[in-house]
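Visitor: coords below, sequence missing:
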Ligand SMILES: O=P(O)(O)OC[C@H]1O[C@H](O[C@H]2O[C@H](CO)[C@@H](O)[C@H](O)[C@H]2O)[C@H](O)[C@@H](O)[C@@H]1O
């Protein structure tokens, strides 16, 4: 498999090393040692530093709990409507003005740079196109947002890049004209009738109309392992109230948003117990979710690079890629656009100040929608 991987993965820095921790909760005995069964292409394999300290107290030693607590804005900072309170609004405004200007107020500036260029648009799903909600299966996109995405895709090649399984995110977005990259970019699909132009992509019939799409799945060899780990995680977390284990095909999400905070350590421990026997899997943190994925050098940033190449838009001076996302996993894409040869703008969606590799910010999905509409208006005004 010849996959260009010119950028190093920043993901590993936010993945605490796996501990040898043991708590007094049920321990999984896995019948399967994934390392032995696996022979994925070595070009894509990452080396994950794993702590081998012998005795560690618990998952706290690895900073998992700290990462879990900081993985989503605390309720004291964000009210129900996802807007900061008056007390924190000043801090937010300072952060925005000094570090990550609003992509709405900077719209003309962005567009002056975009003049004469072809825009390629990459959109994260959860927290970007749909608001964060308690129940992952209910993160619906509004029809107004769907129209905004549909309109913008008439003018610019548009891709949805999500941690969710491709099927699930397609079900939510439901626009056949877009590119989709599910499982954090490990499951890429072209619109019907289009090709991904890669020697390892394959054509399949997907929908009821039997239309052909082109798929690229760099982690397909991991599927049997992911399925086993999924079963183990469902079983081991079964007794923890509020846990949800989500099958994202090439990765797994273990949600703790609805778990009592006092039990977050148990969740982390269950995950640790399972994945410690799978050195070919690694853990990353999302918004109140632990994400387990293959140790391959592939992420949302790589997916963006891949799609730009597929579209024939890579390394072109007259192309401006724009990526909009809210999560830590989107940082890989922001970094690629900031530092890589395909220079573009990352736009962080956040209602609270945080550090990012993005250039600009938007406060929430409603501002994302406004930004998308502005892009359409701008394009139409260009004639
Ligand atoms: O890459 P994304 O499209 O942003 O997907 C990242 C994860 O999003 C989902 O979880 C998050 O949103 C849920 C619904 O608002 C929320 O309940 C959960 O706490 C968030 O972590 C999705 O369920 C995960 O599988 C994705 O990996």
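Guide: On my side now, so go ahead. Keep in mind the model is a prediction, meaning the values are calculated, not measured. Residues are numbered from 1 along each chain as shown.
Visitor: can you pull out the helices in the protein?
Guide: Secondary structure of the chain (DSSP state H): helices at 34-37, 64-69, 86-98, 107-114, 143-155, 166-173, 223-236, 264-275, 300-310, 331-339, 365-381.
Visitor: same for the fifth one, what does it pack against?
Guide: Helices and strands in packing contact with helix 143-155 are listed as strand 118-123, helix 365-381; criterion 3 or more Cβ pairs under 8 Å, 6 or more residues apart in numbering; DSSP states H and E. To be clear about C-beta, it is placed using only N, CA and C from the backbone, and glycine gets the same treatment.
Visitor: do the fourth one as well
Guide: In terms of contacts (3+ Cβ pairs under 8 Å, 6+ apart), helix 107-114 is packed against strand 319-325, helix 365-381.
Visitor: How about the contacts made by residue 350?
Guide: For residue 350, the contact set (Cβ atoms under 8 Å, 6 or more residues apart in numbering) comprises 326, 356, 361, 363.
Visitor: Can you give me the domain boundaries for the protein?
Guide: According to the TED database, the chain comprises the domains 85-217+298-381, 222-294.
Visitor: closest one to residue 44 among those domains?
Guide: Comparison of the domains of the chain against residue 44 by Cβ to Cβ identifies domain 85-217+298-381 as nearest, at 6.1 Å.
Visitor: ok, is that closest one in contact with the ligand or not?
Guide: Yes: applying Cβ under 6 Å from any ligand atom, one finds domain 85-217+298-381 touching the ligand at 124-127, 132-134, 136, 139, 162-164, 327, 329.
Visitor: And the buried ones among these, selectable in PyMOL?
Guide: To isolate the buried members of those in PyMOL, using 16 or more other Cβ atoms under 10 Å:
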select buried, resi 124+125+126+127+132+136+139+162+163+164+327+329
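Visitor: can you redo the helices of the chain as a markdown table with mean pLDDT?
Guide: Compiled in a markdown table, the helices of the chain are given as follows (pLDDT from 0 to 100):
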| stretch | mean pLDDT |
| --- | --- |
| helix 34-37 | 29 |
| helix 64-69 | 79 |
| helix 86-98 | 86 |
| helix 107-114 | 96 |
| helix 143-155 | 98 |
| helix 166-173 | 97 |
| helix 223-236 | 97 |
| helix 264-275 | 94 |
| helix 300-310 | 97 |
| helix 331-339 | 97 |
| helix 365-381 | 97 |
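Visitor: thinking again about what came up before, give me whichever of the helices and strands packed on helix 107-114 is most buried.
Guide: strand 319-325 (a mean of 26; mean count of other Cβ atoms under 10 Å).
Visitor: one step back: export the helices and strands packed on helix 107-114 as CSV, with columns for distance to residue 188.
Guide: Converted to CSV, these look like this (distance: least, Cβ to Cβ, whole Å):
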stretch, distance to residue 188
strand 319-325, 15
helix 365-381, 22
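Visitor: Nearest to residue 306, out of the ones you listed?
Guide: Between the helices and strands packed on helix 107-114, strand 319-325 lies closest to residue 306; by Cβ to Cβ that is 12.2 Å.
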